[in-house]
Structures are given as C-alpha cells and as structure tokens.
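Enquirer: Predicted model, plus sequence, below.
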Amino acid sequence: MTDRELIEGCIRGDRNCQKALFEKFAGKMKVVCMRYVNNHEDAEDVLQEGFIKVFKYISKFGFEGSFEGWIRKIMVNTALTKITRYSYKEEVALVHSNMPVYDYGDVIAEMSAKELKAFINALPDGYRLVFNMYVIEGFSHKEIAESLSISEATSRSQLLKARLALQEKLKKNKIAYSHAG
C-alpha cells in the first residue's frame, strides 16, 4: 500500500491500515525517540503516545510535504513534552567562548556510530535536546525556542555548549587513541 492509501485507511478507522502504518514507521521513529529520552522504556512510551497522536490527528495531514516528516515532528514534540514534564526546566545564559576548534577527522573516522551516539547521549539534557533538534532534526533556533519554552539566545547558547562539550570529549578521545596506537 502507498502512504496515501494507508493514511486514507487510517482516517476511515481501518485497523489493518493502522497496523501497517505503525509497522512501517515504528522502527525509524523509535530511533528518533531514543535521541531524546535515552532509555528504551521511555522511548517505547513516547513511541506509543506519539502514534496515538498520529492516529488521532491523521485527518489533519494535508498531503503536503513528507508524511514521515510529519510523523517525526509528532514524535519529537511528544518526547519534548515528556522531558519538559519531568526534568528539563533550566535556562542558561549565553556564553561566548574562544576555545580553539580542533580537527577530529581521524578520530571520528575511527569511532563507531555507537561511540558517537554515546558521546551525544552523555551530554546534559538541555545540550542534548538542542543539539539533536538543531543538528539532527534540522529545527531552527526559533522552533527550538518555541518547543522548549526558552529564548532563541538560550537555544544558541545550549548548541554552542553542546558543541564545545563534544569537542572536549573528542579531544580526550584523540589523546586516548594516540596513546593506544
């Protein structure tokens, strides 16, 4: 079935179409959820809550743009709601830094995707959220600010701090790799 046929079936309440749509997108969307909540149980909760919203509002999808992108946005917003409900409520002042930028190409090439994900997941919640939303999901600072109820300056600050923290981890990792070789 095409996405359009699945969507139209879901709008009619066809359980087979709902199941097929879930099976088609659940794997990809769980990965999205994991970027935000950091553990499988919470990711499962977000995934379920997100798909409940998908089925509730599917008739509002206007067949303009990517359907997968529409679902992804629902999942991100559901994850953000869960996070803000339980933990993330801090606003950090904008910080400027003259920290040098290092070339980590060799280190990154030697790292697995799992190691990079672990570095990102180890960031403080605020840094990780903004980094994921901006770098991975492609949100603007304005959209991030609205979603997290923070200022655009705070969004930029959190992204800067996330990048600096990742640079520091990469620098340490580069030293570890050079000593191991």
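Expert: Everything's here; your move. Residues are numbered from 1 along each chain as shown.
Enquirer: helix or strand right after the helix or strand of the chain with the lowest mean pLDDT?
Expert: Least confident helix or strand of the chain, by mean pLDDT, DSSP states H and E, is helix 105-110 with a mean of 42. Where DSSP states H and E defines the elements, the next helix or strand beyond helix 105-110 is helix 113-121.
Enquirer: And that next one, what's buried?
Expert: residue 120 (16 or more other Cβ atoms under 10 Å). (C-beta placed from N, C-alpha, C; glycine too.)
Enquirer: now it: mean pLDDT?
Expert: Taken as a whole, helix 113-121 has an average pLDDT of 75.
Enquirer: which element follows it toward the C-terminus?
Expert: The helix or strand immediately downstream of helix 113-121 is helix 125-131, counting by DSSP H and E.
Enquirer: and the next element down the chain from that next one?
Expert: Under the assignment DSSP H and E, the closest C-terminal helix or strand after helix 125-131 is helix 141-148.
Enquirer: mind checking how far whatever helix or strand comes next after that next one is from the chain centre?
Expert: As assigned by DSSP H and E, the chain's next helix or strand after helix 141-148 is helix 152-180. Centre-to-centre, helix 152-180 and its host chain are 18 Å apart (Cα atoms, centre = their mean, to the nearest Å).
Enquirer: Between helix 113-121 and helix 152-180, find me the angle.
Expert: In terms of direction (axes from the mean of the first three to the mean of the last three Cα atoms, to 10 degrees), helix 152-180 departs from helix 113-121 by 140 degrees.
Enquirer: List the buried residues for helix 152-180?
Expert: By neighbour count on 16+ other Cβ under 10 Å, the buried set for helix 152-180 is 154-163, 165-167, 169-170, 173-174.
Enquirer: likewise stretch 135-152?
Expert: Of the residues in stretch 135-152, 137, 139, 141, 143-145, 147-148, 150 count as buried by neighbour count, 16+ other Cβ under 10 Å.
Enquirer: how long is that stretch end to end?
Expert: 15 Å (Cα to Cα, to the nearest Å).
Enquirer: Can you tell me what sits against that stretch?
Expert: Under the contact criterion Cβ atoms under 8 Å, 6 or more residues apart in numbering, stretch 135-152 has outside partners 32, 35, 72, 76-77, 80, 84, 88, 91, 129-130, 133-134, 154-156, 158-159.
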